[in-house]
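Asker: test case, fold it:
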Amino acid sequence: MLEIIELSDSMLYVESESWQCSFGHGKPVKLGLILETVALNEDMHDDRFIVEAHIIPQPEYIDSEIAEEAMADEDASGVDLICYAYESYGGVPLNIDAVQPAKASCGFSSFVAESSIVPMKAASGEEMEVRRFRDQGEAMRFARDFYAIYASVVFNFIDTVLDNPLRAGETGWDRIRRMAGR
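Answerer: As a prediction, the model looks like this:
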């Protein structure tokens, strides 16, 4: 069963008991997904918002040192810990449209929110199709009603997702390992 938590007006956190990765020793690390709407500063297009997705450890699997940092100023709740870990340490970026390519999902998704599909360059320089929204409300509705529900597909091939290199010369495995204190 999915648990969806609204972290802010622009961010959702989604987790499932079955989402996890294993490092080959010790307990597996359970994972969650941050879905964040991001405004693009482009005057040429009507659709100015996209949804970014990042994988992070679930709160009970976040390293105790990170949890202590989060609680340094106040008594942090699970939501505060999620936000702190994500904002301070990042997550493993994920092309959430890989769940179902943007054009392939147009039939169902048009009932969820108005969006358009446009090509964009990824950080890797690779061109990919990205779904763009007119406003943040539409983007958040799509994130909750479509991406959150279909995200389970990604966790069926989590090993492949975590194998991908990140900008800092590490892999998703390295980032999750560091955030989970493994």
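Asker: from now on I want contacts and neighbour counts done on CA atoms only, so please keep to that.
Answerer: Fine.
Asker: so residue 6 makes contact with residue 34?
Answerer: No - using C-alpha atoms under 8 Å as the test, residue 6 is too far from residue 34 to be in contact (9.9 Å).
Asker: who touches both of the two?
Answerer: Residues touching both residue 6 and residue 34 (C-alpha atoms under 8 Å, 6 or more residues apart in numbering) are 12, 13.
Asker: and these two? Which one has more around it.
Answerer: Between residue 6 and residue 34, residue 34 has the larger neighbour count (other C-alpha atoms under 10 Å), namely 30 against 15.
Asker: make sure the more buried one is indeed in a helix.
Answerer: No - per DSSP: H, G, I helix; E, B strand; the rest coil, residue 34 lies outside any helix segment and is strand.
Asker: show me the contacts for it.
Answerer: Contacts for residue 34 (C-alpha under 8 Å, 6+ apart) come out as 11, 12, 13, 14, 52, 53, 54, 55, 56.
Asker: quick one: stretch 60-72 to chain centroid distance?
Answerer: Between the centre of stretch 60-72 and the centre of its chain there are 20 Å (C-alpha atoms, centre = their mean, to the nearest Å).
Asker: dump the C-alpha coordinates for it into CSV.
Answerer: Only the C-alpha atoms of stretch 60-72 are listed here, as CSV (Å, rounded to 0.1, in the frame of the first residue of the first chain):
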residue,chain,number,x,y,z
GLU,A,60,13.6,5.2,9.7
TYR,A,61,16.5,4.2,7.4
ILE,A,62,18.1,7.7,7.2
ASP,A,63,21.5,7.8,8.9
SER,A,64,21.3,8.8,12.6
GLU,A,65,23.8,11.6,12.1
ILE,A,66,21.6,13.2,9.4
ALA,A,67,18.6,12.8,11.8
GLU,A,68,20.6,14.5,14.6
GLU,A,69,21.4,17.4,12.2
ALA,A,70,17.7,17.7,11.3
MET,A,71,16.8,17.9,15.0
ALA,A,72,19.5,20.4,15.9
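Asker: so which elements touch the lengthiest helix in the chain?
Answerer: The longest helix of the chain (DSSP state H) is helix 78-89. Packing partners of helix 78-89 (3 or more C-alpha pairs under 8 Å, 6 or more residues apart in numbering; DSSP states H and E): helix 64-70.
Asker: flag every buried residue along the helix it packs on.
Answerer: Under the neighbour-count criterion of 16 or more other C-alpha atoms under 10 Å, helix 64-70 has 66, 67, 70 buried.
Asker: mean confidence (pLDDT) on it, please.
Answerer: For helix 64-70, the mean pLDDT works out to 89.
Asker: just the residues contacting it, thanks.
Answerer: 76, 80, 81, 84, 85, 179, 181.
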